[in-house]
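Enquirer: with the sequence up front, the predicted model follows.
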Amino acid sequence: MLAHVLQAEGSPCPTLVLPAEALPSDEARLVPALAAIRRWLCAIGAGHVLKFAVVGRSRVPGHDLEYRFVQCLPGDEPRFELRGSCGHSVLAAVAASGERGLVPRLRPGSRVRVAVLNNGDSIRCGVDAVTDGAVVFTVRFTRRDRPDLADLLLLGEPRTELRYAGGKVSASVVSMGNPYLFVDARELGIGSTAALFGGGERLFGALSEVRAAGERLLGWPPGAFPKVAALLPDQDGAVAARAVSVPSWHPTLALTGAVCVAAAAAIPGTVPALLGRPVDGLLTVTGPLGATTVVSSVVAGRLAWVSVSPKVVRPVTVLRIPVFTRRAALAA
């Protein structure tokens, strides 16, 4: 089985893009199959690849590809989180699909629509440029149910008091792209963007404890969701963000994180809405490595879409996974 490895700028690790036709479609058999692939990756020294994207032609009307994201969790034995998505991995999947022939070869002006099986998102990936194999995208996220803004609040209110080992914080738990928990960094003793971006183990530990408290309040089993990010107001109405990934700091802010910040900023009373000042739906989100422009569109109280640009993905390598044929996958 051939699998493509690609790296999106700002992603904490590469994505392994796997062909859906070579793997079981039901989760009960898919997880053991992925565990075999994970063990093989570790055996060849590629254990740092913690993101899998399983991609095939879409059966959803109006979409070109369907995609299932799988987050590998740290530990000696293969464990996976299948509840969320990853925008950077979506872009890796689209770029690989152009090479595989699942969609026409990508060129400026190409538009590829992806159905996310994990959460029902519909993502339109527009190609702005292709240079030496690198693809530059503008990405537009929608939910196929076109939700009311209030429906994005997983706890039913803009802010909720969370108690954790270090004290308590006021958090917004919002789901768009991925479920995220947003806190004002000042409640964690962080008063400047320099302190936010330079925060070390103490801040990481506090955010991890806050995330776990949110997970328990939601009644979710231990895993990677909700994601967590600390925010501060930045210059000219921008929002500064620092996020925890798996298993360490996110180098920037996840693509889905930027999407969720923008969606949350459109909901009065949330932490992002209190800290940022979007202008005509446009919000700048700054991270340790630079700024991202996010635009949201709200129509009659419903979130129509959120767009992020520019995002770049580059090919790393192509792997032939010798231990895995379709027959082996189905037997796993």
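Expert: That came through, no problem. Numbering: from 1, shown residues only.

Enquirer: switch to C-alpha atoms for all contacts and neighbour counts from now on
Expert: Noted.

Enquirer: lowest mean pLDDT among the helices and strands, pick that one out for this protein.
Expert: helix 326-331 (a mean of 49; mean pLDDT, DSSP states H and E).

Enquirer: can you give me the helices for the stretch 151-300 of the chain?
Expert: In the stretch 151-300 of the chain, the helices defined using DSSP state H, counting those that start in this stretch lie at 193-198, 201-218, 255-265, 271-275.

Enquirer: tell me which of those sits most buried.
Expert: Comparing these by mean neighbour count (mean count of other C-alpha atoms under 10 Å), helix 255-265 ranks first with a mean of 27.

Enquirer: how about residues contacting that one?
Expert: Contact with helix 255-265 is made by 85-88, 141, 174-180, 270-274, 276, 278, 281, 283, 285, 292, 294-296, 303, 306-308, as judged by C-alpha atoms under 8 Å, 6 or more residues apart in numbering.

Enquirer: now do stretch 151-162
Expert: 150, 168-176, 210, 213-214, 218, 267-271.

Enquirer: if we use 6 Å, what do you get?
Expert: 168-175, 269-270 (C-alpha atoms under 6 Å, 6 or more residues apart in numbering).

Enquirer: check those and tell me the two furthest apart.
Expert: 168 and 175 (21.6 Å; C-alpha to C-alpha).

Enquirer: which of the residues in stretch 69-83 are classified as buried?
Expert: 69-73, 78-83 (16 or more other C-alpha atoms under 10 Å).

Enquirer: quick one: low-confidence residue ranges for the stretch 201-332 of the chain.
Expert: Along the stretch 201-332 of the chain, segments meeting pLDDT under 70 span 323-332.

Enquirer: report the beta-bridge partners for the residue nearest to residue 224 when sequence neighbours are not counted.
Expert: Leaving aside its sequence neighbours, residue 224 sits nearest to residue 81 (C-alpha to C-alpha, 6 or more residues apart in numbering; 6.7 Å). Beta bridges link residue 81 to residue 71, judged by DSSP bridges.

Enquirer: just residue 228 next, same as before
Expert: residue 181, residue 244.

Enquirer: can you pull the contacts of it?
Expert: Residue 228 makes contacts with 180-182, 211, 243, as judged by C-alpha under 6 Å, 6+ apart.

Enquirer: how about 10 Å then?
Expert: 171-173, 179-183, 207-212, 214, 242-245, 257 (C-alpha atoms under 10 Å, 6 or more residues apart in numbering).

Enquirer: distance of it relative to residue 97?
Expert: Separation of residue 228 from residue 97 (C-alpha to C-alpha, to the nearest Å) stands at 31 Å.

Enquirer: okay, now residue 240: neighbour count?
Expert: A count of nearby residues for residue 240, using other C-alpha atoms under 10 Å, gives 28.

Enquirer: I should have written residue 133 there, sorry.
Expert: When neighbours are defined as other C-alpha under 10 Å, residue 133 has 13 of them.
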